[in-house]
Structures are given as structure tokens and as C-alpha cells.
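[1] fold the stuff below for me.
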Amino acid sequence: MQMENFAPIMFAGLVVIMLIGFPVAFSLSALGLFCGFFAIEMGWFPAGFMANLPLNVFGILSNETLLAIPFFTLMGAVLEKCGLAEDMLDSMGQLFGPVRGGLGYSVIIVGFILGAITGTVAGQVIAMAMISLPVMMRYGYNMRYSTGVLAASGTITQLVPPSLVLIVMADQLGTDVGQMYKGAWGPSILQVLIFAIYTFLISRIWPDYVPGVPASARTLKGWALWAKCLRGIIPSAILIFAVLGSMGGLPFMDHAIATPTEAGAMGAVGSLVLAAIHRRLNWPMLKDAMNGTMRLTAMVVFILIGSRVFSLVFQGVDGAKWIEHLLSGLPGGQIGFLIAVNVFVFFLAFFLDFFEIAFIILPMLGPVAAKLGIDMVWFGVLLCVNMQTSFMHPPFGFALFYLRGISDTLFKNGALPRKIESRDIYLGAVPWVGLQLLLVAIVIFFPQTVTVFLDKKVEVDVDKVKLEMPADLQGGPDSSGINMDDPFGNKKSAEPDALPMPEPSPPAADTKQ
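    Numbering: from 1, shown residues only. The predicted structure is shown next:
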């Protein structure tokens, strides 16, 4: 067997082990080690090549960028359990409820706000479904629209800064986290607008699907209602601006005063303050939040270690060159490459989590994109937009599983008038997946949606650089006392300069007569 043919075999083995359902972190490690020993036996690289593996593992554990993940995870876990979602959904629902589709608008807006401060799809979908789903069913909202808008609004958190996906993207693509956050704001706002426009069209075409809530159902009115809305929005906005602003992750900010790790630590402290304000800060809640943070961080580290084992051997058998030759020859240049990659990632997301795609697939695609002249921030945000569909894919989308579980619980508790079937959840998700793919197409053909908020690069044309001498040095040694032929006085004259002789004084006048 030739080494050139082994890289495709490794990639096919990667696809197979990801489909068998065994934990990916351990499957990748086993596949990488087996292929590495086989390559050593075949003489494709020496045994000393595998000595780089411990260095790669310790490089992961000493990566300061990835240290931000547990901080942001803890921030999201605390805010998820402090009752912020319930308060905001209740107040927003009463504010927009009388309008056709008002409950849908409130879910979309609250999903966007919570996505910026929690960053967890599971907690966001469950919290919003527990509050909004019974209310939607009570006032006659269409079943499939209700489940679809709840699942889709929960997945916005993968795109809205400070998303964990964007941190991983920045690390794998070798770009700045703050720049990645700035680039994600444009698609995030577009996503909310697309969802809102779809809700508006539903309210005009099929008004019975999204009826307005009767004004008599509002328990708060006037200033009391606005005060409750602001009480949930203002502290959240302060936390968002403090965390993202400190690391330069907001539009039109050119400087950062903190690293992503420091900003994450500040966000974790801020979440504890918000929990205390809502009087939900207690030891059981904090223990659950820390437990969830520990589990997610351990999962990320083990997946990353497994991917490094596989990628080390894959690079050793020239797998990177095979990927580059495979993708760089696609017709259409940059656009053709981006379309092909996004179709591949879309179908891969049926079976893989976004962490697995980011750690396994992205290191293979990043170098090819860079050689094609694609901006790494644009490329990373585009894939992030695509990977948020992984939570919405029927039948494997995690957001749909969360929604199915919470709907069964609500039905058993009597909060829902009838049981929600899996068919309604899956069919309700299809239009929203189409809206997310529409955003993918917009970002591909209009990269300005990402680059509009990025820092402008300063480009220097070396052919136009001129060196100008100050005017006081252009007149020779007499103008400044400096000999430009010998500025440091290294040359010595043949004879020393003669000292000037004093002039003789005139003879004194004779005063005697």
C-alpha cells in the first residue's frame, strides 16, 4: 500500500467511527493510535514522530484561549438557573401578546437576549418551552409554529456572542476572539430579523396560526409592565456590554482591555451578582452550575485530545495535502469551495455535535481556506451559522429532543391540553431550518454582513514608501556640524590640526620725554 492512498482510508475510518455511536473522544484516540502504529510499521514515518503527541496534549492544556470556556459556561449555567428567562418571557409576552404573533416575537427577542448571556441551548430551550408553550397552546397558537419558534430561538445562542462555538472557532483558525465576536453580530441580527419577518408573514397569511392574546389576560399594564421589562433587560445589557466590551467584542470598538479569559471570569462574577439580585443565589444552584461546567469542560478537553491524536497521524501521512488537492480543485473558486464545505458540514451535523465538527473537521478545512484567500473571521462565522442547524435537524437535533422531553413533562403535569407528537415537532422545525440555511446563503454571497463591523486592516504599499531626510541635515557638515561622510568620526586626518598662534601685542608707548 502507498502512503498516498492511506489518507483517504483514514478519513473513511473517521466517518465510520463517528456513525457507530461510541464516544467520539475515545474513538478518535483509538483510530489515531492504530493508524500511527500501522504507519510506523510500513515505514512512512519514524517512531520518534509519535513523540510529538505528549507535546500536543500539553499544548492543549496550556492554551489560555480555551480557558475562557469554563468561565463562560459557568456564567451561562448560573444565569440559566436564576429565573431570568422566566421573568423576561412573562414581561415580554404581556408586552407583545395583544399583537398577532406577539408571543412569537417575544420568544425570538428573549432568545436573542438570553443567547448573549447564557450560551446554552439546552437550558434556553427548556426554560422558554416551560413558560411559553402552555401559554401559546392556551391562546390557540399553531402547534408546529410554536414548537418551531421555540427550538429555533434556542439555537440562536450558538451564534450570538459570547458563544462558546466562536471561541473554539477562533482558537482552531488562529484568529482573535474579539474579531470573531464582532463578525458574528451582523448575522446574529439578521437571524432575528429573518425570524421576525417570517412570523409577520405567518400572521398576515394565516392569522389563525398566531392570534393575539386578549387584553384582559394581561396582569400588568402601563408603567408597571415596562418596569418589569426593563428590570430584566437593563442588568442583562450591562453584563453583555461589560463582558464583550472589555475584550473588544462589540462593534466600533478598536481596543480591548481584557483577554477572553479575563472577560469570562468577569462574566462569571457578574452572573453571580445577577443571581443575587433575583434572590436565587444559593448553594444547591451554585453546585449544579459548577457540576454542569465541569462536565462540559471535561468533554471539550477529551474531544480535543482525541482530535489531536488523529490529526497528528493524519498530517504524518500527508492527509493535509490530500484534503488541499481535493478541495482546491473545485470549480467556482472561493464561492464553490464555500458552497461545497457548507453542504458537507450541513450533512455532517446530522450526526455530530458542533464541538466535534470544530475540533475534527475545521483543522482540515482552515489551511485550504487560507490559501484560497478567504478571510478567517468570515469563514469561521459562516460555519458557525451553518452549525447552529445541527440542533434543528430532524430527527437528530438536540433542541428537538429537549423540546420533546419538556412537552411530555408539561402534558403529564396538566399544563398542556393534549400531547405534542414527535411528528409535529419535526415538521415544525423544517421551515426554521430553511430560514437558517437562507442566512448561510446570505453570508456566503454577501461577506459584508460579517466584515462590516471588523477592524479595518492597515495596508502598506512598500513601493510607495519614501525616506526623507530632515532639512537641517541636507546642507552638509557646515549646517549642523556633522560630517555626513564620516558621521561617527572614524577617519583620522594625516596631520593634527595646528593650534592658532596668538597675535603679538603692540609695543607700549614711551611716556618719558
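[2] shaky segments in the protein?
    For the chain, the stretches with pLDDT under 70 are 21, 85, 118-120, 394-396, 455-513.
[3] which residue is nearest the middle of it?
    Taking CA atoms, centre = their mean as the criterion, residue 166 is the residue nearest the geometric centre of the chain, at 1.4 Å.
[4] setting aside sequence neighbours, what's the nearest residue to it?
    residue 180 (4.7 Å; CB to CB, 6 or more residues apart in numbering). Where C-beta positions appear, they are placed from N, C-alpha and C, glycine not excepted.
[5] so what does the host helix or strand of that neighbour touch, helix or strand wise?
    Applying DSSP states H and E as the criterion places residue 180 in helix 177-205. Here helix 177-205 touches helix 102-117, helix 143-155, helix 164-173, helix 376-387, helix 422-445, helix 448-451, going by 3 or more CB pairs under 8 Å, 6 or more residues apart in numbering; DSSP states H and E.
[6] just send those back as a markdown table, with distance to residue 88 too.
    Shown next, in a markdown table, are the helices and strands packed on helix 177-205 (distance: least, CB to CB, whole Å):
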| stretch | distance to residue 88 |
| --- | --- |
| helix 102-117 | 5 |
| helix 143-155 | 12 |
| helix 164-173 | 21 |
| helix 376-387 | 24 |
| helix 422-445 | 21 |
| helix 448-451 | 27 |
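[7] among these, which is nearest residue 52?
    helix 164-173 (18.4 Å; CB to CB).
[8] elements contacting the closest one?
    helix 68-81, helix 177-205, helix 354-360, helix 362-371, helix 376-387.
[9] among these, which is nearest residue 416?
    helix 177-205 (21.3 Å).
[10] which SSE is immediately downstream of that closest one?
    Immediately after helix 177-205, counting by DSSP H and E, sits helix 222-246.
[11] pull out the buried residues from that next one.
    225, 228-229, 232-233, 235-236, 239-240, 243-246 (16 or more other CB atoms under 10 Å).
[12] ok, then the element right after that helix?
    Counting by DSSP H and E, what follows helix 222-246 is helix 260-277.
[13] helices or strands next to that following helix in the packing?
    helix 68-81, helix 222-246.
[14] for the shortest one, name the packing helices and strands.
    Right, the one you point to is helix 68-81. On a contact count with 3+ CB pairs under 8 Å, 6+ apart, helix 68-81 meets helix 102-117, helix 121-138, helix 164-173, helix 260-277, helix 283-316.
[15] what's the closest of the ones you listed to residue 202?
    Here helix 102-117 is closest among these (CB to CB), at 7.8 Å.
[16] can you list the residues that contact stretch 442-453?
    Stretch 442-453 has contacts (CB atoms under 8 Å, 6 or more residues apart in numbering) with 182-187, 190, 251-252, 335, 338-339, 342, 375, 377-378, 381-382, 385.
[17] got the buried residues for that stretch?
    442-444, 447, 449-451, 453.
[18] tell me which two of those residues sit farthest apart.
    Taking CB to CB, no two of these sit farther apart than 444 and 453, at 17.9 Å.
[19] next one: the residue nearest to residue 166 from residue 186, what distance?
    Residue 180 is 12 Å from residue 186, where distance means CB to CB, to the nearest Å.
[20] now swap in residue 370 and tell me
    Distance from residue 370 to residue 186, by CB to CB: 22 Å.
[21] compare these two and say which is more crowded by neighbours.
    residue 186 (22 against 14; other CB atoms under 10 Å).
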